[in-house]
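Asks: below are the sequence and a predicted model for it; my questions follow.
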Amino acid sequence: MASTLNAKSFVVAAAFLTGTMLLTACQDDTAGAASSSKSGASAAPVGAAAKSKGVSGTFAGGTVEYLAPGKHIVNANGKEQQFFVAEDTKVYGAGTICGKLNPAADTPCTVDDLEKVLKGGSIAADVVMKDGIASKVTERPAPDEGPAVDDSGSGSGAGAPESAIDGINKGKGVNGTWFGNVKYLAPGKFTVSDMKGTEQQFFVAEDTEIWGYGDICGDENGGEGGQAGIECTEEELEAATKGTGVSAEVVIVNGIATTIRDDH
């Protein structure tokens with residue numbers, strides 16, 4: 001009798017174990033299917049984003065503004081277009097983004113230089129994009145007063161105003177001597193106002209002579225004449241003109257100051 005009971009108990013236990021294993025296998029299959037389904041759902045948007053392409057093209061004659069870290073906006077021909085910058089984005093300056101005045105606008109800058117300048121205000125620049133990412137940003141200085149106009153009807157830029165750099169390259173920059181208030185405009189770029197308050201923009205170069213008699217640098221006891229004054233640096237000129245400005249005499253040749261003397 002005991003043998004019969006043991007045999008029946010064995011059969012029941014085996015049946016229970018088999019049922020449990022089948023149940024576990026089914027649960028595993030169900031969980032696996034659910035996991036696979038969730039994985040496929042989360043991967044779909046990533047694939048869709050990878051297939052989507054951003055804007056490509058050249059936005060010339062535009063104004064670039066800061067939008068967010070690594071993200072800016074260019075306004076060209078009345079239309080705004082957002083874009084990103086990347087580690088391989090090429091940035092070239094003409095004196096505002098980085099470096100000194102460079103008529104060729106081919107001074108290599110960094111995306112950090114660009115972002116720093118844009119946080120202080122917009123700049124004029126041309127932007128080349130591919131898939132929504134800027135491949136190249138080239139600074140374009142603002143037009144000078146009385147810009148020259150190409151009315152020959154030839155070329156893609158026919159009728160468009162020349163930039164200050166274009167004018168200087170062609171020897172069309174302003175010439176003369178101004179006595180007035182000098183103010184900082186941008187790195188390497190200033191304005192001088194005449195007695196009527198009309199402002200004239202000008203650049204400084206590495207060979208610009210800057211003489212101080214107490215306002216830009218030095219002291220008022222420097223004496224008369226350039227030789228007795230103190231020769232100042234461009235950094236000292238920028239520091240002195242960032243506020244209300246400095247009264248000075250400015251000699252300009254082809255849009256670039258050859259000599260600046262504070263009004264002693």
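Replies: Looks like it came in fine.
Asks: low-scoring stretches of the stretch 101-250 of the chain, by residue?
Replies: Regions of the stretch 101-250 of the chain meeting the criterion pLDDT under 70 cover residues 141-172, 220-228.
Asks: can you show me the strands along it?
Replies: Counting by DSSP state E, counting those that start in this stretch, residue ranges of the strands within the stretch 101-250 of the chain are 107-109, 123-130, 133-139, 176-186, 189-193, 199-212, 230-231, 246-253.
Asks: next, the buried residues of the third one.
Replies: Neighbour-count burial for strand 133-139 flags Ile133, Ala134, Ser135, Val137, Thr138, Glu139 (criterion: 16 or more other Cβ atoms under 10 Å). The C-beta positions use only the backbone N, C-alpha and C, and glycine is treated the same way.
Asks: ok, so of the residues you listed, who is nearest Gly212?
Replies: Nearest to Gly212 among the buried residues of strand 133-139 is Glu139, at 29.5 Å by Cβ to Cβ.
Asks: what sits against that closest one?
Replies: Contacts were defined as Cβ atoms under 8 Å, 6 or more residues apart in numbering; by that measure Glu139 touches Tyr92, Gly93, Ala94, Gly95, Thr96, Ile97, Ala105, Ile123, Ala124, Ala125.
Asks: need the buried ones from those selected in ChimeraX.
Replies: Restricted to buried positions by 16+ other Cβ under 10 Å, the ChimeraX selection for those reads:
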select :92,93,94,95,96,97,105,123,124,125
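Asks: now the contacts of Glu139 in TSV, with distance to Val182?
Replies: Conversion of the contacts of Glu139 to TSV gives the following (distance: Cβ to Cβ, whole Å):
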residue	distance to Val182
Tyr92	28
Gly93	23
Ala94	21
Gly95	17
Thr96	18
Ile97	23
Ala105	24
Ile123	22
Ala124	22
Ala125	26
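Asks: Phe83: which of the contacts of Glu139 is nearest?
Replies: Distances from Phe83 to those, taken as Cβ to Cβ, are shortest for Ala125 (11.5 Å).
Asks: the closest one: what's it in contact with?
Replies: When contacts are counted by Cβ under 8 Å, 6+ apart, Ala125 is found next to Gly62, Thr63, Val64, Val74, Ile97, Val137, Thr138, Glu139, Arg140.
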